[in-house]
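Participant: structural data only, the sequence is not supplied:
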């Protein structure tokens, strides 16, 4: 897979549900068409935003197959496969049908908080188990572990199929250290919608975005502007979206984005427990922002 395919805007797709709790494949197809039309460069299936912890193995297979079918030949597709049990991740890699999948997004191990050496060995084992390109995913706010630049650079040097990272630490000095020392062929993507312009200004090459589910054209436009160093125009778009981005995460993701998509007529505002829909107060703020 050409690494250039993963520059720009990737969208971490939500999983729409019917009111009865089942996956809404009609809405999912509508969403995929919406984000592709809006200009995203690649799709990310089975990420955290897809509520994967609450999807059964059968549902994960069905959702991934549907996304591959809906996006086939239009944009590259990345599939999230990660966890805090290395052998279980290897099993999933072996058993998941990755036909039509261009790369794997694999999150840093969560909850059991391994050392940097533990994380290195975890990702090295994953890289040895698949010939698919791998994007690391560092999100300390969710995992409780921080994949440090030295470990990322070691993995990039030792594992040719580890081609990039979604960096969502929100720690600018850490991002600078990684960007300053990374190999030229290693891609660093933002995982923070509210920081993307600042992070691209210091050298990141795009984003894997939650906001691109709903604010698709503006998000892709601002990323494309930043890629060609038109930061004055990118900044204006970012500030236009910033209130909306904050509302997406005010009461957890993807509850906020589903509230926006409901206002847009894209899908029902249904999440699975332990997640719940946003409060009435936040829903009213979201509706007002979408209307404006």
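Facilitator: Happy to help now that I have it. Keep in mind it's a predicted model, so treat the numbers as computed, not measured.

Participant: ranges for the helices of this protein?
Facilitator: For the chain, helices defined by DSSP state H occupy the ranges 25-37, 57-71, 86-95, 116-129, 140-143, 149-158, 172-181, 196-201, 216-227, 231-249, 255-263, 280-291.

Participant: so what touches the shortest one?
Facilitator: Taking contacts as C-beta atoms under 8 Å, 6 or more residues apart in numbering, the residues outside helix 140-143 that touch it are 48, 107-111, 146, 168-170. Glycine gets a C-beta too; all of them are placed from N, C-alpha and C.

Participant: tell me where the model's unsure across the chain.
Facilitator: The chain contains residues with pLDDT under 70 at 1-5.

Participant: I'd guessed residue 261 sits against residue 17; true?
Facilitator: No - Residue 261 lies out of contact with residue 17 (C-beta atoms under 8 Å); the separation is 11.5 Å.

Participant: could the helices of the chain be laid out in JSON lines, adding mean neighbour count and distance to residue 80?
Facilitator: JSON lines is the format used below for these (neighbours: other C-beta atoms under 10 Å; distance: least, C-beta to C-beta, whole Å):
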{"stretch": "helix 25-37", "mean neighbour count": "18", "distance to residue 80": "16"}
{"stretch": "helix 57-71", "mean neighbour count": "17", "distance to residue 80": "9"}
{"stretch": "helix 86-95", "mean neighbour count": "15", "distance to residue 80": "10"}
{"stretch": "helix 116-129", "mean neighbour count": "18", "distance to residue 80": "12"}
{"stretch": "helix 140-143", "mean neighbour count": "16", "distance to residue 80": "13"}
{"stretch": "helix 149-158", "mean neighbour count": "18", "distance to residue 80": "18"}
{"stretch": "helix 172-181", "mean neighbour count": "16", "distance to residue 80": "21"}
{"stretch": "helix 196-201", "mean neighbour count": "21", "distance to residue 80": "20"}
{"stretch": "helix 216-227", "mean neighbour count": "22", "distance to residue 80": "19"}
{"stretch": "helix 231-249", "mean neighbour count": "17", "distance to residue 80": "19"}
{"stretch": "helix 255-263", "mean neighbour count": "24", "distance to residue 80": "16"}
{"stretch": "helix 280-291", "mean neighbour count": "15", "distance to residue 80": "26"}
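
Participant: now the contacts of helix 140-143 as TSV including neighbour count?
Facilitator: Shown next, in TSV, are the contacts of helix 140-143 (neighbours: other C-beta atoms under 10 Å):
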residue	neighbour count
48	22
107	23
108	26
109	22
110	17
111	11
146	18
168	25
169	19
170	16
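
Participant: many thanks, have a good one.
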